[in-house]
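Q: how would this look folded up:
(one chain, ligands or ions: 1)
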Amino acid sequence: MTQSSRREFVKTMAAAAILAQHGAPPLTSSRIDVHHHRTTAGGGVKEIAYGYDTLKADGVHIYSSIGDKWPGDPMYLPIYEELNRRKAIIFLHPTPPLCCKLPPGIGAPVVEYDFDVTRGITSLLWNGVLSKFQDIRFIIVHSGGTLPVLAGRIQDRVPRNRPDLYPTGTLELLKKQYYECAHATFPWALAALMKFTSTSNIMFGTDYPQEPIESTTKHLPENGFSAELLHAINRGNAERVFPRFSNAIAN
Ligand SMILES: [Zn+2]
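A: Got it, this is the predicted structure:
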């Protein structure tokens, strides 16, 4: 695990970080450097063991893609088997994908990051990761990228000859994941997300320091949420996923 990967995970789980200020140990994650293990997933499995057993990681951080591989690539299935056995929480954040040529002057963070979030979760769906490894909980950044808007079209295009991949239905597999709202609390973005998933699956995050915290906090109040719902998004939902932070305050 590198310092930057630890920071990446912590920054997007600000609710848990706030809890840590009240006495809980800091949230830690283990980034699986799958791009170092192109020929064998065994190295990734070893990293998982080190992250959980030695570093006592709270979760695992993966990228929306690495090189020409998206996270549902069959070569990674042994990694998901191990993460499923550990009932892992996986945080998925985008990185500039290699697949796509951008219009001149438009950097990857403008739109491409969130397209790759959608590619990443669709890759997990298409290859059966979401259906086969249901003890894994995914936290998907930026209010799901473009997924809440595209999920209906995705559902209508899943291969009809592979019902084994979607035993409970495509939308159910996508809706049951967790969605973190860094720099995506604009009312129109959260309106789509709240129609798509349960309010108990939405978590606060900020993308700090790449983004100012205000790019998330400024727009959250514009949604007209009740105090109860704001509490759930700001920390309550994260406490259920990472109960040791809740317990730390209670004790
Ligand atoms: Zn981000």
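Q: okay, CA-based contacts and neighbour counts for the rest of this
A: Will do.
Q: Sketch out the low-pLDDT regions of the stretch 151-251 of the chain for me.
A: Residues of the stretch 151-251 of the chain that meet the criterion pLDDT under 70 lie in 167-168, 247-251.
Q: correct me, but Gln134 touches Leu83?
A: No: using C-alpha atoms under 8 Å, Gln134 is not in contact with Leu83, being 10.3 Å away.
Q: Who has more neighbours out of these two?
A: Leu83 (22 against 14; other C-alpha atoms under 10 Å).
Q: Please enumerate the strands of the stretch 151-251 of the chain.
A: Using DSSP state E, counting those that start in this stretch, the strands found in the stretch 151-251 of the chain span residues 178-180, 202-203.
Q: Can you tell me which of these is most buried?
A: strand 202-203 (a mean of 29; mean count of other C-alpha atoms under 10 Å).
Q: What pairs with that one, parallel or antiparallel?
A: The pairing partners recorded for strand 202-203 under DSSP bridges are strand 178-180 (parallel).
Q: from the middle of its chain, how far away would the strand it pairs with be?
A: 6 Å (C-alpha atoms, centre = their mean, to the nearest Å).
Q: Distance of the nearest residue to Ser200 once chain neighbours are set aside relative to Pro243?
A: Among residues not flanking Ser200 along the chain, Asn237 sits closest, at 5.8 Å (C-alpha to C-alpha, 6 or more residues apart in numbering). For Asn237, the distance to Pro243 equals 10 Å [C-alpha to C-alpha, to the nearest Å].
Q: who has more neighbours, the two?
A: Taking Asn237 and Pro243 together and counting by other C-alpha under 10 Å, Asn237 has the greater number of neighbours (22 against 13).
Q: mind checking which helix or strand Tyr113 is in?
A: Using DSSP states H and E, Tyr113 maps to helix 112-126.
Q: Which strands or helices does that helix pack on?
A: Helices and strands touching helix 112-126, as assessed by 3 or more C-alpha pairs under 8 Å, 6 or more residues apart in numbering; DSSP states H and E, comprise helix 147-155, helix 170-175.
Q: Thank you, goodbye.
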